[in-house]
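A.B. asks: need coordinates for the below:
(one chain, ligands or ions: 1)
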Amino acid sequence: MNPKPLPLVFSAPRGRAKPPRHLADLTLEERGEAAKEIGLPAFRAKQLSTHYFERLVDDPDQMTDLPAAQRAEMAEAFLPRLMTPLRTLEADKGTTRKTLWKLFDGALVESVLMRYPDRATVCISSQAGCGMACPFCATGQGGLQRNMSTAEIVHQVVVAAREMASGEVAGGPGRLSNVVFMGMGEPLANWKSVIGAVRRLTEPAPSGLGLSARHVTVSTVGLVPRINQLAEEGIPVTLALSLHAPDDELRNDLVPINTRFSVAETVEAAWNYARTTKRRVSIEYAMMRDINDQAWRADLLADVLTSYGDWGWVHVNLIPLNEVRGSQFTRSRDEDTDEFVRRLEAKGVPTTVRDTRGNEIDAACGQLAASE
Ligand code: SAH
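C.D. replies: Sure thing, here's the model as predicted:
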């Protein structure tokens, strides 16, 4: 007997429109081919690429080295509008800026630019929504809407770089130095677009933005096969693993993908990443009051990590929980966080507590999009 057809709601969406193709989706060579297809010489694609990645310009009126009659047509072919800012919020005296973006199909995503004395970091989204369903995370509550394209991911960075260069961020003109994939979405669940974006961000202009790979951080719940694949790519980006618990019993609840890849398998993949790339891995641990912040869990976390040796392959980044409205999870007491740090360091694990930016503008963790 044939199985009953799945109800429509469970079948993959068909014929859904794709984000417009943009030069950031293509390699420099593919851009040249695409130019020829519309009857332009390949070097025009290179000129456009220089405007976009080096001058951070996508307005045809500012491309005075291109024949005026062709500018609009070229911009339409290579630099279509990918997203519109719906809202921009500032905090921390203008050094934190959050943008809520509306994508071509109405999907909402967020990016946050954070300027520090010695660096400027943009936190970007890689998916509209997220399918990982971590119960403490605002984005996790709404499920996955869709994957973002490479250009949609990259464009958030180009806009942030432009904001830094133009001097509109408090502190005067500066350079965007760091990118973290810690906005909405699970980057390694959108592998093709994300690896394309990592390439565009790290290739030198006019191919890409020319950021240093070590200044690009990919944060993941721990999709083990993809971590291994990332290690083989030869682009030594920084890996952040969202662990949040050292034991399977608790992590199965906090990070549900743990039922597929256990703590041991996940930490081993992170260790293998450090070994292969020579990059120190960051373990993310959001401190939740009376959930994962007990002293014994600090000891267990240290034991799990140091079982792979203490050659400096790892450090722990404790994140004061951002309390999501209506959620049962609250932020740890300061004294419990202090004790947690002490216990990790006593066992030789370098530990930092993340500074919290932009709390008052819902800057973290999909809270702004969730409130729309
Ligand atoms: N999906 C990826 C990247 C996006 S989230 C990942 O899970 O790593 C970036 C980081 O913010 C992750 O470590 C995530 O667990 C953490 N996070 C999510 N919700 C949070 C909250 N309410 N408070 C503090 N950190 C949170």
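A.B. asks: who's in contact with the closest residue to Gln127 other than its chain neighbours?
C.D. replies: Using Cβ to Cβ, 6 or more residues apart in numbering and skipping the chain neighbours, the partner closest in space to Gln127 is Gly185 (2.8 Å). In this view, the C-beta of every residue, glycine as well, is placed from N, C-alpha and C. Contact analysis of Gly185 by Cβ atoms under 8 Å, 6 or more residues apart in numbering lists 109, 125-130, 139, 144, 147-148.
A.B. asks: again with Val224
C.D. replies: 261, 265-266, 269.
A.B. asks: now, which of the residues you listed sits nearest the ligand?
C.D. replies: The ligand lies nearest to Thr266 out of the contacts of Val224, by Cβ to the nearest ligand atom, at 11.6 Å.
A.B. asks: circling back: what subset of the contacts of Val224 is buried?
C.D. replies: When the contacts of Val224 are checked for burial by 16 or more other Cβ atoms under 10 Å, the buried set is 261, 266, 269.
A.B. asks: now those in JSON lines, with distance to the ligand and secondary structure?
C.D. replies: Listed next are the buried ones among the contacts of Val224 as JSON lines, based on distance: Cβ to the nearest ligand atom, whole Å; DSSP: H, G, I helix; E, B strand; the rest coil:
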{"residue": "Phe261", "distance to the ligand": "13", "secondary structure": "coil"}
{"residue": "Thr266", "distance to the ligand": "12", "secondary structure": "helix"}
{"residue": "Ala269", "distance to the ligand": "14", "secondary structure": "helix"}
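A.B. asks: can you give me the strands in the stretch 1-150 of the chain?
C.D. replies: 83-91, 96-103, 108-115, 120-123, 127-129, 144-147 (DSSP state E, counting those that start in this stretch).
A.B. asks: who does the helix ranked longest in the chain touch, helix- and strand-wise?
C.D. replies: Secondary structure of the chain per DSSP state H: the longest helix is helix 150-166. Applying 3 or more Cβ pairs under 8 Å, 6 or more residues apart in numbering; DSSP states H and E, we find helix 150-166 packed against strand 83-91, strand 96-103, strand 108-115, strand 120-123, helix 191-202.
A.B. asks: related to what we said a few turns ago, how close does the residue nearest to Gln127 sit to Glu29?
C.D. replies: Per Cβ to Cβ, to the nearest Å, Gly185 is found 28 Å from Glu29.
A.B. asks: ok, now Asp247?
C.D. replies: For Asp247, the distance to Glu29 - Cβ to Cβ - is 49 Å.
A.B. asks: quick one, which of these two is more surrounded?
C.D. replies: Asp247 (16 against 11; other Cβ atoms under 10 Å).
A.B. asks: could you list every residue that touches that one?
C.D. replies: 263, 297, 300.
A.B. asks: could I get stretch 253-261 in PDB with only the CA atoms?
C.D. replies: C-alpha atoms of stretch 253-261 as PDB (Å, rounded to 0.1, in the frame of the first residue of the first chain):
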ATOM      1  CA  ASP A 253      17.100  20.300  26.700                       C
ATOM      2  CA  LEU A 254      19.100  23.500  26.100                       C
ATOM      3  CA  VAL A 255      20.400  22.700  22.700                       C
ATOM      4  CA  PRO A 256      18.100  20.000  21.200                       C
ATOM      5  CA  ILE A 257      20.500  19.100  18.400                       C
ATOM      6  CA  ASN A 258      22.500  17.500  21.200                       C
ATOM      7  CA  THR A 259      20.300  14.400  20.900                       C
ATOM      8  CA  ARG A 260      21.900  13.900  17.400                       C
ATOM      9  CA  PHE A 261      25.500  14.900  18.400                       C
END
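A.B. asks: below-threshold pLDDT in the stretch 101-250 of the chain: ranges please.
C.D. replies: The stretch 101-250 of the chain contains no residues with pLDDT under 70.
A.B. asks: which positions in it make contact with the ligand?
C.D. replies: Taking Cβ under 6 Å from any ligand atom as the criterion, the stretch 101-250 of the chain approaches the ligand at residues 132, 134, 136-137, 182, 186, 219-221, 242.
A.B. asks: can you tell me how far the closest residue to Ala17 other than its chain neighbours sits from Arg16?
C.D. replies: The shortest distance from Ala17 to any non-neighbouring residue, by Cβ to Cβ, 6+ apart, is to Asp105 (6.3 Å). Distance, Asp105 to Arg16, by Cβ to Cβ: 8 Å.
A.B. asks: which residues are common contacts for those two?
C.D. replies: Arg146.
A.B. asks: looking at these two, which is more packed in?
C.D. replies: Asp105 (12 against 8).
A.B. asks: could you pull out the strands for the stretch 251-372 of the chain?
C.D. replies: Here the stretch 251-372 of the chain has its strands, by DSSP E, counting those that start in this stretch, at 281-287, 314-320, 351-353.
A.B. asks: rebuild those strands as TSV, extending it with distance to the ligand and mean pLDDT.
C.D. replies: Formatted as TSV, the strands of the stretch 251-372 of the chain follow (distance: least, Cβ to the nearest ligand atom, whole Å; pLDDT from 0 to 100):
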stretch	distance to the ligand	mean pLDDT
strand 281-287	4	97
strand 314-320	5	96
strand 351-353	12	95
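A.B. asks: right, so those strands: which one is the most enclosed?
C.D. replies: strand 281-287 (a mean of 23; mean count of other Cβ atoms under 10 Å).
A.B. asks: alpha carbons of that strand, as CSV, please.
C.D. replies: The C-alpha trace of strand 281-287 is given here as CSV (Å, rounded to 0.1, in the frame of the first residue of the first chain):
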residue,chain,number,x,y,z
VAL,A,281,38.1,27.6,19.7
SER,A,282,35.7,29.6,21.8
ILE,A,283,33.1,27.8,24.0
GLU,A,284,30.0,29.9,24.4
TYR,A,285,28.1,29.3,27.7
ALA,A,286,25.1,31.5,28.5
MET,A,287,24.8,31.7,32.2
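A.B. asks: which parts of stretch 333-349 are buried?
C.D. replies: Buried-residue list, stretch 333-349, by 16+ other Cβ under 10 Å: 336-337, 339-341, 343-344, 347, 349.
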